[in-house]
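Q: This is the structure alone, sequence omitted:
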Ligand SMILES: Nc1ncnc2c1ncn2[C@@H]1O[C@H](COP(=O)(O)OP(=O)(O)OP(=O)(O)O)[C@@H](O)[C@H]1O
Ligand SMILES: Nc1ccn([C@@H]2O[C@H](COP(=O)(O)O)[C@@H](O)[C@H]2O)c(=O)n1
């Protein structure tokens, strides 16, 4: 039986950091599902067509981590046909790996509603903007505006909006170091696996 960890939450909350750490700790495979939407947004042209043609090599582009790629991803992610085109790949990943960690916005609600562990990772928007500005060497006030815009778009869209699953454990990392957040997440998973 595959064991799946679903991690959702707003932009720059630390989902990816925790997902990578959990995958390493438990020897699980990791899928950063935001990268799929970032790649579709960066491909240009018709986003539905881009999502249907997406190849693993498209995820290797070096420009996908930028703030602009994040905004473009959030716009194409609101298109139902784009989400439909990416759904099967994500579900298959979770189903075929003995242990998998997926992070995104709709993993616990739509992609893997039966995941053994669901985390909703959050932090205040000002702290998230500071962390992202540090990471990208960008202006903090601009990062705050962009995070708020992206979060609002992700939360209000009609299809698979960003929200915690009813059975998700919320982890607010505002006052946690990376190491503390990882330790807490490991503890939550270990409690379920025990
Ligand atoms: N608890 C923490 N304390 C301090 N910095 C953190 C913490 N967690 C994550 N970070 C840093 O915040 C930044 C954003 O983290 P990360 O990329 O994991 O977020 P994310 O939720 O995956 O973002 P996105 O939604 O854009 O993919 C990174 O630079 C990361 O090192
Ligand atoms: N499961 C997901 C994952 C991501 N998105 C959209 O992609 C944008 C970029 O995601 P990051 O995690 O890399 O920041 C994000 O803002 C969402 O619009 C999604 O809809 N569902």
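A: Here it is on my side, so go on. Owing to the predicted nature of the structure, the values given are computational and were not obtained by experimental measurement. Ligands and ions are numbered 1, 2, ... in the order given.

Q: At the contact with ligand 2, which residues of the protein appear?
A: Applying Cβ under 6 Å from any ligand atom, we find that the chain lies next to ligand 2 at 11, 33-34, 37-38, 70, 73-74, 77, 104-107, 150, 154. Where you see a C-beta, it was placed from the backbone N, CA and C, and this is true even at glycine.

Q: Of these, which belong to helices?
A: Using DSSP state H, the subset of the residues of the chain next to ligand 2 located in helices is 34, 37, 38, 70, 73, 74, 150, 154.

Q: Between all of the residues you listed, which two are separated the most?
A: Taking Cβ to Cβ, the two most distant members of those are 38 and 154; they sit 13.1 Å apart.

Q: The two: which is more packed in?
A: Using other Cβ atoms under 10 Å, the more surrounded residue of residue 38 and residue 154 is residue 38, with 27 against 22.

Q: wait, what's in contact with the more buried one?
A: Applying Cβ atoms under 8 Å, 6 or more residues apart in numbering to residue 38 gives the contacts 64, 65, 69, 70, 72, 73.

Q: Helices of the chain, start to end?
A: Applying DSSP H to the chain gives helices spanning 15-26, 34-43, 47-53, 67-76, 80-96, 125-136, 140-156, 178-193.

Q: and those helices, which is most packed in?
A: helix 34-43 (a mean of 23; mean count of other Cβ atoms under 10 Å).

Q: is that helix anywhere near ligand 1?
A: Yes. Helix 34-43 comes into contact with ligand 1 (Cβ under 6 Å from any ligand atom), by way of residue 34.

Q: What angle do helix 80-96 and that helix make with each other?
A: Here helix 34-43 points in a direction 140 degrees away from that of helix 80-96 (axes from the mean of the first three to the mean of the last three Cα atoms, to 10 degrees).

Q: What is the distance between helix 34-43 and the centre of its chain?
A: What separates the centre of helix 34-43 from the centre of its chain is 12 Å, taken as Cα atoms, centre = their mean, to the nearest Å.

Q: Repeat that for stretch 25-41.
A: Here stretch 25-41 is found 7 Å from its chain centre; the criterion is Cα atoms, centre = their mean.

Q: which residues touch residue 23?
A: 29, 30, 101.

Q: can you list the ones in helices among the residues of the chain next to ligand 2 in CSV and add distance to residue 190 and pLDDT?
A: Shown next, in CSV, are these (distance: Cβ to Cβ, whole Å; pLDDT from 0 to 100):
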residue, distance to residue 190, pLDDT
34, 26, 98
37, 31, 98
38, 31, 98
70, 32, 96
73, 32, 98
74, 33, 98
150, 32, 97
154, 30, 98
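
Q: Nearest to ligand 1 among these?
A: Closest approach to ligand 1 among those (Cβ to the nearest ligand atom): residue 34, at 4.6 Å.
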